[in-house]
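**Q** coords below, sequence missing:
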C-alpha cells in the first residue's frame, strides 16, 4: 500500500509514520546518548581520558563518559565548550566504532603512510630545538610534530598513529621540566585547561 504513495506526498500531508517506515527500515537520526557501557568499555574509556596522547581524543572520551552518566548533548556541549552537533557526531562515531571511532581521521585521499623519508624528517625534528626551526615554542609534543611533519612531507598522520610510530622506532622528544604554558599555543592551552578543570570535578 505504501509503495503506491510517493515520499513527498506523505511529507506534504504530514502523515505521522515512523521514521523506520519512511526510510526503508533504518532511522536517519543520530543517537542522542551512548548505550549503557560495560565495565570493559568504561575501563577502556577511562584509560583514554587519562593516558591518550591526543588532547582531542581525551576530550571526546569525556563526552562519552558524560553521556553514559546521563548528561544530554546540550549539557555536555556547555560543560566542554563545544557545539551540540559535535557531541552528537562523537556519540555516533563511538556507537559505530567504539573507542577507535574517537581517533582523528585523515581528511581526504588515500590513507596516509610513513615512509623512510618521513621517519628521517621525524628524527631530524626531534633532535632539533623547535625555536631553531622558527617556532615560538621550545618543546615538541605529538600534535606539534604531526603538524610540522605534515608541512615538511605532505603526509598527514593521526597523532595517535604518530605516537605509536615513535614508540616503534624508539624516538623520544624532550619533555618540559617546568611550566611552559605561557609558550604553548593558545588553542592547545585552552583545550588542556578545560579538560583538567573538568577532570578535577568528576574524577
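**A** On my side now, so go ahead. This is a predicted model, so every value here is computed, not measured.
**Q** can we go C-alpha only for contacts and neighbour counts from here?
**A** Fine.
**Q** can you pull the buried residues of stretch 162-170?
**A** In terms of neighbour count (16 or more other C-alpha atoms under 10 Å), stretch 162-170 has its buried residues at 162-163, 165-166.
**Q** list the contacts for residue 117?
**A** Neighbour list for residue 117: residue 153 [criterion: C-alpha atoms under 8 Å, 6 or more residues apart in numbering].
**Q** distance check, it against residue 148.
**A** 14 Å (C-alpha to C-alpha, to the nearest Å).
**Q** likewise for residue 141?
**A** 11 Å.
**Q** quick one: which of those two has more around it?
**A** Remark: of residue 141 and residue 148, residue 148 carries more neighbours, 20 against 16, as counted by other C-alpha atoms under 10 Å.
**Q** helix, strand or coil for that one?
**A** helix (DSSP: H, G, I helix; E, B strand; the rest coil).
**Q** try residue 49
**A** Recorded secondary structure, residue 49: helix (three-state DSSP).
**Q** who's in contact with it?
**A** Taking C-alpha under 8 Å, 6+ apart, one finds 57-59, 61-62 in contact with residue 49.
**Q** cool, residue 162 as well?
**A** Contact analysis of residue 162 by C-alpha under 8 Å, 6+ apart lists 142, 146.
**Q** can you do 6 Å?
**A** Residues near residue 162 by C-alpha atoms under 6 Å, 6 or more residues apart in numbering: none.
**Q** count of residues packed around residue 85?
**A** Counted with other C-alpha under 10 Å, residues neighbouring residue 85 total 13.
**Q** just the element for it, please.
**A** Assigned by DSSP states H and E, residue 85 belongs to helix 84-97.
**Q** output the contacting helices and strands for that helix.
**A** Judged by 3 or more C-alpha pairs under 6 Å, 6 or more residues apart in numbering; DSSP states H and E, helix 84-97 is in contact with helix 73-80.
**Q** hmm, 10 Å instead?
**A** Secondary-structure packing of helix 84-97 (3 or more C-alpha pairs under 10 Å, 6 or more residues apart in numbering; DSSP states H and E): helix 55-68, helix 73-80.
**Q** show me where the chain has helices.
**A** 7-12, 19-22, 39-51, 55-68, 73-80, 84-97, 116-126, 142-153, 159-168, 186-202 (DSSP state H).
**Q** now the third one: buried residues?
**A** If I follow you right, that is helix 39-51. If you call a residue buried by 16+ other C-alpha under 10 Å, then helix 39-51 has these buried ones: 45-46, 48-49.
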